[in-house]
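In: Generate coordinates for the sequence data below:
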Amino acid sequence: MSGHSKWATTKRKKALVDGKKGKAFTKIIREMMVAAREGGADPAGNPRLRTCLEKAKAVNMPADNITRAIKKGTGELDGQAFESITYEGYGPGGVAVVIDCLTDSRNRTAADIRSILSKGGGNLGEVGSVGWMFKRRGFIVIPKDGLKEDEVMELVLEAGAEDMSVSDATFDVTTAIEDFEKVKKALGEKKIVPSSAELTMIPGNYVKLDGNEAEQMLRLMDSLEDYDDVQNVYANFDIPESVMEAME
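Out: Here you go, the predicted model:
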């Protein structure tokens, strides 16, 4: 998981900054609309919507915004129709990049993604060019906060987690998609609150970057994350934490 949890932490910090909060709202609202349209308005039976609600809570989204988004998704209110599309490509140093988007204009989004990648030292690839390098998994980041490593590991593994790695400040837990909710529930029963819990794409290998290429890659990630149509960006870079911290 090299680099992954640090990037996730950086994203969350940026989402809480006033200048980024509007973009965070836009992305969550779009995701919420699609989740409600596809799985219904009841979060108890709609894991995707439940995850959206957790994201909305994390950025202090007003309840009215949430209600309107769900109603637009179910058709109770008029709203734009968004469709999901995934782009694959490369970043500096040959890093593999997978970009999930929600868009109401495929042509616009494709052109914009191509431009962002090109300006960032990368290029857009064909469908299937890099996606095979990634597996969809649950990923949960738990702040250490005095927790004992062996106790947390025993808890998550018994709940069905695949693995747990340890960084300076967190325990990083990986799960199969079908076990994600079970592991979250087990943590909740022990009053352990993750700083992040998401369904993500984890690469099978990593590309080490440093110096100019590392900085260029992080700027590209920022540019992609800042684009409204982009919901998630996954990449297999391995960049030292010191470089990431310097870029925050």
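
In: beta partners for Asp100?
Out: Thr86, Asn232 (DSSP bridges).

In: now the strands: where do they sit in the chain?
Out: In the chain, the segments counted as strands under DSSP state E are 83-90, 96-103, 123-124, 134-143, 163-166, 170-175, 196-203, 207-208, 230-235, 237-238.

In: which strands and helices sit next to the fourth one?
Out: Same thing as strand 134-143. For strand 134-143, the elements it packs on are helix 4-15, strand 170-175, helix 180-189, strand 196-203, judged by 3 or more C-beta pairs under 8 Å, 6 or more residues apart in numbering; DSSP states H and E. Yep, even glycine has a C-beta here, placed from its N, CA and C like the rest.

In: one more time with 10 Å
Out: helix 4-15, helix 149-159, strand 163-166, strand 170-175, helix 180-189, strand 196-203, strand 230-235 (3 or more C-beta pairs under 10 Å, 6 or more residues apart in numbering; DSSP states H and E).

In: just to revisit the earlier point, let me have the strands of the chain in JSON lines, extended by mean pLDDT.
Out: JSON lines is the format used below for the strands of the chain (pLDDT from 0 to 100):
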{"stretch": "strand 83-90", "mean pLDDT": "95"}
{"stretch": "strand 96-103", "mean pLDDT": "94"}
{"stretch": "strand 123-124", "mean pLDDT": "96"}
{"stretch": "strand 134-143", "mean pLDDT": "92"}
{"stretch": "strand 163-166", "mean pLDDT": "91"}
{"stretch": "strand 170-175", "mean pLDDT": "92"}
{"stretch": "strand 196-203", "mean pLDDT": "87"}
{"stretch": "strand 207-208", "mean pLDDT": "92"}
{"stretch": "strand 230-235", "mean pLDDT": "92"}
{"stretch": "strand 237-238", "mean pLDDT": "90"}
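
In: With mean neighbour count added, can I get these in TSV?
Out: Formatted as TSV, those follow (neighbours: other C-beta atoms under 10 Å):
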stretch	mean neighbour count
strand 83-90	18
strand 96-103	22
strand 123-124	16
strand 134-143	19
strand 163-166	15
strand 170-175	23
strand 196-203	19
strand 207-208	17
strand 230-235	22
strand 237-238	22
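
In: Throw the ones you listed into JSON lines and include distance to Gly188, thanks.
Out: JSON lines is the format used below for the strands of the chain (distance: least, C-beta to C-beta, whole Å):
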{"stretch": "strand 83-90", "distance to Gly188": "29"}
{"stretch": "strand 96-103", "distance to Gly188": "27"}
{"stretch": "strand 123-124", "distance to Gly188": "40"}
{"stretch": "strand 134-143", "distance to Gly188": "11"}
{"stretch": "strand 163-166", "distance to Gly188": "17"}
{"stretch": "strand 170-175", "distance to Gly188": "13"}
{"stretch": "strand 196-203", "distance to Gly188": "10"}
{"stretch": "strand 207-208", "distance to Gly188": "36"}
{"stretch": "strand 230-235", "distance to Gly188": "24"}
{"stretch": "strand 237-238", "distance to Gly188": "32"}
